[in-house]
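# output the structure for:
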Amino acid sequence: MKYALVTGGSRGIGKAICIQLASDLKYNILLNYHSNTEAAEATKTEIEKMGVNCDLLRFDVADHDSTQNSIDNWKKDNPEAKVEVLVNNAGITKDGLFIWTNQEAWDSVINTSLNGFYNVTQTVLKDMLRSRYGRVINIVSLSGLKGNPGQVNYSAAKGAMISATKALAQEIGKRKVTVNAVAPGFINSDMTSEFDENELKQLIPLKRFGDPEEVANLVSFLASEKSSYITGEVISINGGLYS
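Numbering: from 1, shown residues only. Presented below is the predicted three-dimensional model:
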């Protein structure tokens, strides 16, 4: 059975990605979430209506041992399953001016995005390389490309993920495993709910925030065989705000 593993998949962009991969590509979904069991269960119900399986894995991607144990235990319980697609979507923000950013705000943002990428990707990558097929898609950010004031920690984490995407793509391309990044701008989600949309959309050529489903459509394409000659790329989806 072929699976797509999506971290932070219970809400927002992650949820939209899970639904799109199930709908477009008929992947069974391995949905990782950290704490909101109710949201994860609701997303699982929605996905399974499409006739695919959805297994829930609760762990914090920033915790190496917990991540590895959860995925390894799932593999033991599902020996016929194969993770063909990995979407590293889990991420958090703790915004504020750099001079006021305390150690916890720095570490937690870096650990979730960057160390989370390491912890999850390394756990599933060997199987992709053995089977000579795989898609790794990292959800990064406009902040990681151009920087964003008040988000030095988040910009640092996403910028590092962008560089890691390019390097890993070069290491494993010969095994037919592609690695790409998707860099959303302002997308309607919990993460942007407190932003001043009226003010910010004046900066965007398309004059609106994006929807999670629009990001999910791009991820679905990158997860498909249609994208087989694309690797090491960072694709912006931001309404023309920055490219």
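# okay, now Gly150: neighbour count?
15 (other Cβ atoms under 10 Å). For the C-beta atoms, the positions are set from N, CA and C on the backbone; glycine is no exception.
# endpoints of stretch 99-108, how far apart?
Start to finish, the residues bounding stretch 99-108 are 17 Å apart (Cα to Cα, to the nearest Å).
# and the contacts of that stretch?
Ala62, Ile92, Lys94, Gly96, Val152, Asn153 (Cβ atoms under 8 Å, 6 or more residues apart in numbering).
# could you do stretch 16-27 as well?
2-4, 6, 9, 28-29, 31, 43, 46-47, 50-52, 54, 84-85, 87, 89, 211-213, 215-217, 219-220, 223-224.
# list the buried residues for it?
By 16 or more other Cβ atoms under 10 Å, the buried positions in stretch 16-27 come out as Ala16, Ile17, Cys18, Ile19, Gln20, Leu21, Ala22, Leu25, Tyr27.
# before we move on, the earlier item: pull out the buried residues from the contacts of stretch 99-108.
Buried, going by 16+ other Cβ under 10 Å: Ala62, Ile92, Lys94, Val152, Asn153, out of these.
# quick one: contacts for the closest residue to the second one other than its chain neighbours?
It refers to Ile92. Excluding its sequence neighbours, the residue lying closest to Ile92 (Cβ to Cβ, 6 or more residues apart in numbering) is Thr112, at 4.9 Å. Thr112 is in contact with Asp60, Val61, Ala62, Ala90, Gly91, Ile92, Ala157, counting by Cβ under 8 Å, 6+ apart.
# which SS state does the third one fall under?
Taking DSSP: H, G, I helix; E, B strand; the rest coil as the rule, one finds Ala62 in the coil state.
# could I get the contacting residues of the spatially most central residue of the chain?
Most central in the chain under Cα atoms, centre = their mean is Asn89, positioned 1.9 Å from the mean C-alpha point. The contact partners of Asn89, by Cβ under 8 Å, 6+ apart, come to Val6, Thr7, Gly8, Gly9, Ile13, Gly14, Ile17, Ile139.
# pLDDT and distance to Trp106 for those residues - can I get that in TSV?
Listed next are the contacts of Asn89 as TSV, based on pLDDT from 0 to 100; distance: Cβ to Cβ, whole Å:
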residue	pLDDT	distance to Trp106
Val6	98	26
Thr7	98	21
Gly8	96	20
Gly9	96	26
Ile13	96	23
Gly14	96	23
Ile17	98	27
Ile139	98	20
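# Ser70: which of these is nearest?
In terms of Cβ to Cβ, no member of the contacts of Asn89 lies closer to Ser70 than Thr7, at 11.1 Å.
# tell me the spacing between the closest residue to that closest one other than its chain neighbours and Asn32.
Leaving aside its sequence neighbours, Thr7 sits nearest to Ala90 (Cβ to Cβ, 6+ apart; 3.9 Å). Relative to Asn32, Ala90 is positioned 7 Å away (Cβ to Cβ, to the nearest Å).
# common neighbours of these two, please.
Thr7, Gly8, Val61.
# my guess is the first one contacts Asp60. True?
No: taking contacts as Cβ atoms under 8 Å, Thr7 lies outside contact range of Asp60: 10.1 Å.
# the helices in this protein, which residues?
12-25, 37-48, 64-77, 103-110, 116-131, 142-146, 152-172, 197-200, 212-223 (DSSP state H).
# just say which of those is most tucked in.
Greatest average neighbour count among the helices of the chain goes to helix 12-25 (a mean of 24), per mean count of other Cβ atoms under 10 Å.
# among the buried ones among the contacts of stretch 99-108, which one lies nearest to Gln122?
Ala62 (13.9 Å).
# so who does the closest one touch?
Per Cβ under 8 Å, 6+ apart, neighbours of Ala62: Ser108, Asn111, Thr112, Asn115, Gly116, Asn119.
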